[in-house]
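>>> Based on what follows, work out the 3D shape:
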Amino acid sequence: MIRVVLADDERLVRGAIAALLGLEEDLEIVAEVGRGDQVPAAVTAHQADIAVLDIEMPGANGLDVAAELRTAAPGCGVLILTSFGRPGYLRRALSAGARGFLAKDAPVDQLAGAIRTVHSGGRYIDSELAATAMIAGENPLTQRETDVLRAAADGSSAAGIARLLHLSEGTVRNYLSSAITKTGADNRISAIRTAEEMGWL
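Sure, this is the predicted structure:
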């Protein structure tokens, strides 16, 4: 029996996935959690073989949790199940130690197969997401957001960027904030890194 911890902050989605996976004879959902920071304790307490993680969760995102589990529970395989098929996310997930990456709208038999593959020591990456990762996605940043991120790449302060681009400091902060949101980053350094990885800068 493969023991699975399922983490997703959307209760309805989490419950539906758990119910469907529970129909598989060789899979057992040993814990369901709604926050990323609850995953390591659940994995340890239930001696889980696999952690199926959403990316966007309160407490800690799935990518950070994957990296933590690599050290805290090296025997637990990680599969990212996400509605965000961004190339940058796939790269970051693999770098964090995840061995599976699958879209939430995948059929349940595909998810079950991915869990079995990861459990057996293999990798499972959704073919469409893998293809998308080979091609930079459409740039969500406006030209001004791109200009501000590029100017921020050398460590310039908001005031310095404002002087360089002839904008107000408040406007620069607004552009930085929107760029951070659009790239799914936690701060401007992460936003710059993501944008560079995606070929947007």
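
>>> right, and the secondary structure at the residue most central in space within the chain would be what?
The geometric centre of the chain, computed from its C-alpha atoms, lies nearest to residue 55 (CA atoms, centre = their mean), at 3.6 Å. Following DSSP: H, G, I helix; E, B strand; the rest coil, we place residue 55 in the coil state.

>>> Need the nearest residue in space to residue 82, chain neighbours excluded.
Distances taken as CB to CB, 6 or more residues apart in numbering place residue 55 nearest to residue 82, at 4.7 Å, with adjacent residues excluded. The way it works is simple: take the backbone N, C-alpha and C, and place the C-beta from them, glycine included.

>>> before we move on, the earlier item: please state the backbone phi and psi of the residue nearest to the centre of the chain?
Per-residue torsions, residue 55: phi -80, psi -50 (degrees, to the nearest 10).

>>> Might you report the residue contacts of it?
By CB atoms under 8 Å, 6 or more residues apart in numbering, residue 55 lies in contact with 61-63, 80, 82, 84, 89, 93.

>>> where's the residue nearest to residue 82 relative to residue 45, distance?
23 Å (CB to CB, to the nearest Å).

>>> quick one, domains of the protein?
What automatic domain parsing lists as the domains of the chain is 2-134, 143-197.

>>> now the longest one: mean pLDDT?
Right, the one you point to is domain 2-134. Averaging pLDDT along domain 2-134 yields 92.

>>> What is the neighbour count of the residue nearest to residue 187 when sequence neighbours are not counted?
The shortest distance from residue 187 to any residue other than its chain neighbours is 6.6 Å, reached at residue 180 (CB to CB, 6+ apart). Look at residue 180: counted by other CB atoms under 10 Å, it has 20 neighbours.

>>> For residue 180, give its distance to residue 63.
Residue 180 sits 16 Å away from residue 63 when distances are taken as CB to CB.

>>> what does residue 28 give?
Going from residue 28 to residue 63 by CB to CB gives 25 Å.

>>> Have a look at the two and say which one is more surrounded.
In this view residue 28 and residue 63 are compared by other CB under 10 Å, and residue 63 has more residues nearby, 24 against 15.

>>> just the CA coordinates of stretch 46-57, formatted as PDB?
Extracted C-alpha coordinates of stretch 46-57, given in PDB (Å, rounded to 0.1, in the frame of the first residue of the first chain):
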ATOM      1  CA  HIS A  46       1.900   9.000   9.000                       C
ATOM      2  CA  GLN A  47       5.200   7.800   7.500                       C
ATOM      3  CA  ALA A  48       4.000   8.800   4.100                       C
ATOM      4  CA  ASP A  49       5.500   7.400   0.900                       C
ATOM      5  CA  ILE A  50       4.300  10.200  -1.300                       C
ATOM      6  CA  ALA A  51       3.300  13.900  -0.800                       C
ATOM      7  CA  VAL A  52       1.000  15.300  -3.400                       C
ATOM      8  CA  LEU A  53       1.300  19.100  -3.200                       C
ATOM      9  CA  ASP A  54      -0.500  22.100  -4.600                       C
ATOM     10  CA  ILE A  55       1.800  25.000  -5.300                       C
ATOM     11  CA  GLU A  56      -0.200  27.900  -4.000                       C
ATOM     12  CA  MET A  57      -1.000  27.300  -0.300                       C
END
